[in-house]
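S.K.: sequence and predicted model, in that order:
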Amino acid sequence: MEDLSQAGLDLDPDGRPAAPLAAADDSVIAIGSLSKMFWAGLRVGWVRAPAPLRDHLLRLRSASDLAPGVPAQIIAARLVPAADTGWREGLRATLRDRRDLLLELLARHLPAWRVGGPRAGLSAWAVLPVTESETFTHLAARYGVIVASGATACVDGGHHDGVRLSFAESPRTLESAVDRLVAAWEEHTRRLAASR
């Protein structure tokens, strides 16, 4: 299976998206979504699969899932052709700038965090110098910043020391969020030191 939900959000400077596996192999099931590129509330996606499996998946879906509403389907049908090359390049450039800003702010203000620069998407992964991040995510929320703990994004319960940070917000919001994360991290580390 290949997840192409972020295929249109390749932030690589050369602008060449990676070739999807599904394009070369019709035995690969590919899934995609318009939610990442356009709007999370759109909830319109797609599945590409070999015909027998596709028919089976459609039967399963119709029995257990409601289709997106007609307005969402109409909006999606209008958005896809409107998102021309210039629009997509502008979106990628904006996200690339915001990603780079977030990475620079975190490196400057939270140097103990290990943050990877993602090649695609809307968020970065940070590894914290703690054994679990769940307590910190709750504290960060009290400071007004919602971050996802690594364990919630991992089906095997791993990555307890990580958090996912969105960079899809405006530069001003990212700067404010990092200031709040710094304050939450200072309180978190004080609490950890006091509990030893």
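M.R.: Ah, there it is.
S.K.: tell me how far residue 102 lies from residue 109.
M.R.: Taking C-beta to C-beta, to the nearest Å as the measure, residue 102 falls 11 Å from residue 109. Glycine gets a C-beta too; all of them are placed from N, C-alpha and C.
S.K.: these two: which has the busier surroundings?
M.R.: residue 102 (25 against 14; other C-beta atoms under 10 Å).
S.K.: can you pull out the low-pLDDT segments for the protein?
M.R.: 13-25, 62-67, 157 (pLDDT under 70).
S.K.: switch to 90 and redo it
M.R.: Confidence mapping of the chain against pLDDT under 90 gives the ranges 1-73, 76, 80-83, 85, 88, 116-121, 131, 150-160, 195-196.
S.K.: mutual contacts of residue 102 and residue 109, please.
M.R.: Residues touching both residue 102 and residue 109 by C-beta atoms under 8 Å, 6 or more residues apart in numbering: residue 178.
S.K.: quote the end-to-end distance of stretch 117-131.
M.R.: End-to-end distance for stretch 117-131: 22 Å, by C-alpha to C-alpha, to the nearest Å.
S.K.: what does that stretch rub up against?
M.R.: For stretch 117-131, the external contacting residues (C-beta under 8 Å, 6+ apart) are 6-7, 9-12, 36, 95, 99-100, 102-103, 106, 110, 112-116, 136, 150, 160-168, 188, 192.
S.K.: just the buried residues of the residues you listed.
M.R.: Among these, those scoring as buried are 6-7, 9-11, 36, 95, 99, 102-103, 106, 110, 113, 115, 136, 150, 161-168, 188 (criterion: 16 or more other C-beta atoms under 10 Å).
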